[in-house]
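A.B. asks: Got a sequence here, can you build the structure:
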Amino acid sequence: MNYYQYHVFFCVNQREAGAACCHSYNAQEVRDYAKERIKSLKLNGKGQVRINNAGCLDRCSEGPVIVIYPEEIWYTYVDKDDIDEIIDEHLQNGKIVERLRI
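C.D. replies: Numbers count the residues shown, from 1 in each chain. As a prediction, this is how the structure comes out:
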């Protein structure tokens, strides 16, 4: 059994010289928002959801990315509304958000 039901990794990498990267899309701010939202829903902790920073996930051309384990589902997002949808649908109800999947 996994320690967490879902382990969510947010790429927050910053590349040099203006190269495309998740940091350019305020990834750290969005990750912090997701972590606080998970806490407010009391979904954090053992057997539930863990939100983590990740270095480069090497999909920079696809916009900001997150990956959710154990399913290995990759998402992109535009804003906090997209993150809310991922939390509400995937993390709470187990439904993949196809429109954001990469």
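A.B. asks: which SS class is the residue nearest the centre of the chain?
C.D. replies: For the chain, residue 66 is the residue whose C-alpha lies nearest the centre (CA atoms, centre = their mean; 3.7 Å). Under the three-state scheme (DSSP: H, G, I helix; E, B strand; the rest coil), residue 66 adopts strand.
A.B. asks: any idea how far it lies from residue 16?
C.D. replies: 23 Å (CB to CB, to the nearest Å). Using the backbone N, CA and C atoms, a C-beta is placed for each residue, glycine as well.
A.B. asks: Tell me where the protein has strands.
C.D. replies: For the chain, strands defined by DSSP state E occupy the ranges 6-11, 49-54, 65-69, 73-76.
A.B. asks: Find me whatever residue is spatially closest to residue 82, sequence neighbours aside.
C.D. replies: residue 100 (5.8 Å; CB to CB, 6 or more residues apart in numbering).
A.B. asks: hang on, the one you found packs against residue 76?
C.D. replies: Yes: Residue 100 is within contact range of residue 76, at 6.0 Å (criterion: CB atoms under 8 Å).
A.B. asks: These two: who's more crowded?
C.D. replies: Under the criterion of other CB atoms under 10 Å, the comparison of residue 100 against residue 76 puts residue 100 first, with 20 against 17.
A.B. asks: circling back to that earlier point, bridged to the residue nearest to the centre of the chain, which residues?
C.D. replies: Residue 66 has these beta-bridge partners by DSSP bridges: residue 10, residue 75.
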